[in-house]
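Asker: predicted model and sequence follow; I will ask about them next.
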Amino acid sequence: MATVTSNEQNTQPALVQSRAQRKLMQRRRQMFNRAGITFLALSILLIWLMPLAYGGVTSLKTKDQISDVEAPILPAKAESYEWEGEEYEVYIVPQPDGSTQNWALVNKGRQSSEFINPRNPEAGLIEWEGRWRTLERTRVLSPTWENYPEAYTSISFGRLMYNTFFYAIVGMIGAVFSAAIVAYGFARFKFPGRNVLFIVLLSTIILPPQVTLVPTYAFWVNLGLVPSWWPLLLPQFFANAYNVFFLRQYFMTIPPEMEEAAKIDGAGPIRTFWSVILPQSIPALVAISLFHFFFAWNDFFGPLIYLAGAREQVPITVGLTFFNGIYGSQPQLIQAASIMTLIIPIIIFFMAQRYFIQGIVITGNK
Amino acid sequence: MSFMDALQQSRSSKRVRWRDMSALKKNEAKWGYIFISIWIVGFLVFYLVPMIASFGFSLMDFQLATPDEIEFIGFEHWRRMLFDDELVWESLRVTFVFAFISLPIGMIAAFFLAVMLNSENLWGKNVFRTLFYMPSMVPGIAAIFVWQGVLNPQTGWLNRIIQNVTGLEVVGLQGLRWLDDPSLIYIAYTYIGIWGIGNAILINLASLQNVPSDLYEAAKVDGAGYWRRMWHITVPMISPVIFYNLILGVVGLMQYFLTPFVLNGGNGYPEGSTRFYMIHFFNNAFGYADMGYGAALAWLMFMIGLALTLILFGTARYWVFYAGDER
């Protein structure tokens, strides 16, 4: 600015130029900023997702490759070459001119060995001076897909999946409907004690579940329902505070005119709830369903104590811990099982992320 | 609308009295009670009664194996818990030390990632947001196994990356043994849990988007630099969600269980550094099936959690900024 004002008289072109220059500078700087922050985000993202890549890659390796520190990062196996009905190992063989060739070792010798060139087997055996033990083997990319079926059968993954879906879906139905009913009561009806009851409801969110756990557990044991699904599923049908809060907020944004119209048409509160409120709240109901589904997919403590001793009935979370105990020395199977476990929630997340992310944001924000 | 606002709002609105109500209003109230009755029943059966019963249990000698020999013993369990059982204090210490390490790391990471994902200069914002959130969907148990592999001192990628980047010899049994070294274990557990900050990132992000941009412009005119603006505008403006994340974090960490249980079966390895309070509770209540002592431990946790929450709520008015407070 100062330079422009100091010689005002004959600087019209210079002013234009400096403006253009400044604009260019600004754009360049913005470009630089954009590239910088995007590069930063990309680098952090790579670290952020690195363990998933590790899991994926490791699940496709052989056990030997995992424990071999020299082995490459991607799933690979040492290459071999078939010649005249026999399998021979392929080595990287240095040549007199300094280059290397990948040859299969046929006859091992102490000072010199005989190789065959897989690219030109007609040339016959090639004599090579040197110790073959100093040579490195070649490796080719070779994912061990068999780890997946092996992990699948050894933990009876199908059974665990069935249990998990059963737990998630039955609980989901109970959680969504009960929460919707209660939320409607809090959102649309005035009654004495409503505020106090709502505060009590919200405070149960902060209550650590353990404080009620011991008598509840003793109660179910007394009824002879441990191990069984009852202690896990029944409470879901009595409205969870999170869901009620979420749905209440949503119901309050629905304009009351439609309910009034229904009322004039003679619909009672239950009918209004069923045919006016619920159809208007599909996005919120979907969000709640997803919350519950992911909760059930993650729930560990409940199934651990209430299904103890019933291995046939446990969901995937508990099932995987047994697996870890038994196959601790087979990291490739554990990684394969982990990838199988996480892939379903991730797929569902990608399909429904719009509803889901909105839901989380609404609970935490204005 | 956040929980805090809802609380405040419901506190301030007017009371309704039964006898002042018209027949129409009574009918409305009746339907209100009918709709919420499901929750009332659930609250009584699954919260209130068990909570009181839990306190009752803590005064009894009640082993699940011998249910006929229940005996009232007064505050004996409480005395044992507070004065004799050293593992109670030890496990509380473990829980708090871990919380002091992992909670700030998680919250600061969530804040800066949200700021980064909110930056107007970031290309492909939506793709980045989705990919940063995605691992939050990974079930905790799968995340633990994947990280267990990554943290393996010999074959895991973390040590290999550190060795390649810094040149220090950290791979192998003499290197960084994340899950076997008591001085590294809490950092390792923080890594294992770091994907769980996805929700906090999203909530921070949504809150950042609601900060009025004229505040930044005014500060810019006054000559405030980037960090100054962040500290004096961004942080106070989103302090309600920082507070919300803090409360959820504290409540969650009090119940920290899955990782130490899965990795070490709850035996506290290495050197007792992973015997968290919940692990100690689980071992007593379900390992030894000692319902009485388990209930006492649960009640102590409840009281500590309540005290912490109340303290945090008490401090809130000194640092949490509610834009609507002047109303």
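Answerer: All right, it came through fine.
Asker: can you get me a residue count around the residue in the stretch 201-327 of chain B that chain A sits nearest to?
Answerer: Closest residue of the stretch 201-327 of chain B to chain A, Cβ to the nearest Cβ: B:I203 (3.5 Å). For the C-beta atoms, the positions are set from N, CA and C on the backbone; glycine is no exception. By other Cβ atoms under 10 Å in any protein chain shown, the residues close to B:I203 number 26.
Asker: now the helix or strand it falls within: buried residues?
Answerer: Assigned by DSSP states H and E, B:I203 belongs to helix B:198-209. Across helix B:198-209, burial judged by 16 or more other Cβ atoms under 10 Å in any protein chain shown covers B:198-208.
Asker: flag every residue of the stretch 251-366 of chain A that's near chain B.
Answerer: Counting by Cβ under 8 Å from any Cβ of the partner chain, the stretch 251-366 of chain A comes close to chain B at A:269, A:273, A:294, A:297-298, A:300-301, A:305, A:308, A:316-317, A:320-321, A:324, A:331, A:334-335, A:337-339, A:341-342, A:345-346, A:348-350, A:353, A:357, A:360-366.
Asker: hmm, back to that, quick one: average pLDDT of the helix or strand just after the helix holding B:I203?
Answerer: Remark: after helix B:198-209, the chain's next helix or strand is helix B:213-221, criterion DSSP H and E. Averaged across helix B:213-221, pLDDT comes to 90.
Asker: whether the helix or strand just after helix B:213-221 contacts chain A - can you check?
Answerer: Going down the chain from helix B:213-221, the next helix or strand is helix B:226-229, by DSSP H and E. No: using Cβ under 8 Å from any Cβ, helix B:226-229 stays clear of chain A, coming no nearer than 11.2 Å.
Asker: and the helix or strand hosting A:R271, what does it pack onto?
Answerer: Using DSSP H and E, A:R271 sits in helix A:269-272. With contacts taken as 3 or more Cβ pairs under 8 Å, 6 or more residues apart in numbering or on different chains; DSSP states H and E, helix A:269-272 sits against helix A:257-264, helix B:23-43.
Asker: mean neighbour count, distance to A:A287 and mean pLDDT for these - can I get that in a markdown table?
Answerer: A markdown table is the format used below for those (neighbours: other Cβ atoms under 10 Å in any protein chain shown; distance: least, Cβ to Cβ, whole Å; pLDDT from 0 to 100):
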| stretch | mean neighbour count | distance to A:A287 | mean pLDDT |
| --- | --- | --- | --- |
| helix A:257-264 | 13 | 21 | 87 |
| helix B:23-43 | 17 | 19 | 92 |
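Asker: ok, which of those helices comes nearest A:L52?
Answerer: With Cβ to Cβ, the closest approach to A:L52 among the helices and strands packed on helix A:269-272 belongs to helix B:23-43: 38.1 Å.
Asker: quick one on the thing from earlier: now the helices and strands packed on helix A:269-272 as a markdown table including distance to B:Y226?
Answerer: Shown next, in a markdown table, are the helices and strands packed on helix A:269-272 (distance: least, Cβ to Cβ, whole Å):
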| stretch | distance to B:Y226 |
| --- | --- |
| helix A:257-264 | 48 |
| helix B:23-43 | 48 |
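Asker: so which of those gets nearest A:F157?
Answerer: Nearest to A:F157 among those is helix B:23-43; the distance by Cβ to Cβ comes to 33.9 Å.
Asker: circling back to that earlier point, so which of the residues of the stretch 251-366 of chain A next to chain B are in helices?
Answerer: Applying DSSP state H to these, the entries found in helices are A:269, A:294, A:297-298, A:301, A:305, A:316-317, A:320-321, A:324, A:331, A:334-335, A:337-339, A:341-342, A:345-346, A:348-350, A:353, A:357, A:360-364.
Asker: before we move on, the earlier item: pretty sure the residue of the stretch 201-327 of chain B closest to chain A contacts B:I242?
Answerer: No: contact criterion Cβ atoms under 8 Å: B:I203 and B:I242 do not qualify, at 9.5 Å.
Asker: tell me the contacts of residue 45?
Answerer: Since you didn't name a chain, this refers to chain A. A:L45 makes contact with B:128, B:131-132 under the criterion Cβ atoms under 8 Å, 6 or more residues apart in numbering or on different chains.
Asker: not quite, go with chain B.
Answerer: Residues near B:V45 by Cβ under 8 Å, 6+ apart: A:F238.
Asker: any idea of the pLDDT on it?
Answerer: pLDDT at B:V45 comes out at 94.
Asker: can you check A:L247 too?
Answerer: We have a pLDDT of 92 for A:L247.
Asker: which of the residues of the stretch 251-366 of chain A next to chain B are buried? Put it as a ChimeraX command.
Answerer: The buried residues among these can be selected in ChimeraX (16+ other Cβ under 10 Å) with this line:
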select /A:269,273,294,297,298,300,301,305,316,317,320,321,324,331,334,335,337,338,339,341,342,345,346,348,349,353,357,360,361,362,363,364,365
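Asker: so is the closest residue to A:T321 other than its chain neighbours in a helix, a strand, or just coil?
Answerer: Closest residue to A:T321 apart from its sequence neighbours, by Cβ to Cβ, 6 or more residues apart in numbering or on different chains: B:V262 at 5.4 Å. Assigned state for B:V262: helix (three-state reduction, DSSP: H, G, I helix; E, B strand; the rest coil).
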